[in-house]
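Engineer: A predicted structure for the sequence below; I have some questions about it.
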Amino acid sequence: MLLLSLLAGCRPSGAGSDETILGLACGMCDGNCFSGIRMRSGNMERFAAPRIGALDRARLSTASPEEAQRFNRLIKLLPPRLDRYPNRIGCPDCADQCTIYLSVPTASGNKTIELDPNQHPPEFAPFVKAFMEHPPL
């Protein structure tokens, strides 16, 4: 609950309003090209899906306590007020660098951001650095 109150709404289509997702999506792959961790109704689960928007077809497993801690640390590195940013930052996966996918609750409702790991505002740098060093996959 603390995590949700810190973030205050973002989701892919079909996601619940209490859902938070951190994932990495890569276009140049076969199989499950979108993977990460999702927190929904207080439960953390790892997912592997064919693509963004296909979480209904994802393979799911329970996230370990270590993965949950890492997820929470990453969330805390996000800049405040995500609702002021566009839904697409930089050119995610344009040069085969993949896309960092964020879906988090904000004060104004759910906010989804597809973030270029190479081209982003400086306030995202601590999050991107930590995420790319050990993606929640």
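Structural biologist: That came in fine, so what should we check first? This is a predicted model, so every value here is computed, not measured. Numbering: from 1, shown residues only.
Engineer: now stretch 85-105, how far from the chain's geometric center?
Structural biologist: Here stretch 85-105 is found 9 Å from its chain centre; the criterion is C-alpha atoms, centre = their mean, to the nearest Å.
Engineer: swap in stretch 37-44?
Structural biologist: 12 Å.
Engineer: neighbouring contacts of that stretch?
Structural biologist: Applying C-beta atoms under 8 Å, 6 or more residues apart in numbering, the contact partners of stretch 37-44 are 1, 3, 15-16, 18-23, 45-47, 55, 62-63, 67-68, 71, 136. (Glycine included, C-beta is placed from N, CA and C.)
Engineer: go on, stretch 66-80?
Structural biologist: Residues contacting stretch 66-80 (C-beta under 8 Å, 6+ apart): 3, 6-7, 20, 22, 37, 39, 44, 46, 63, 85, 102, 104, 121, 123-124, 126-127, 130-131, 134, 136.
Engineer: Are any of the residues you listed buried, and if so which?
Structural biologist: Those of those that meet the buried threshold are 3, 7, 20, 22, 37, 39, 44, 46, 63, 85, 102, 104, 124, 127, 131, 136, by 16 or more other C-beta atoms under 10 Å.
Engineer: The last one and residue 89, how far apart?
Structural biologist: Going back to what we said before, that points to residue 136. From residue 136 over to residue 89 the distance is 19 Å, taken as C-beta to C-beta, to the nearest Å.
Engineer: residues in contact with the residue nearest the centre of the chain?
Structural biologist: The centroid of the chain falls nearest to residue 22 when counting by C-alpha atoms, centre = their mean (2.1 Å). By C-beta under 8 Å, 6+ apart, the contact set of residue 22 is 36-37, 71, 74-75, 100-102, 131, 136.
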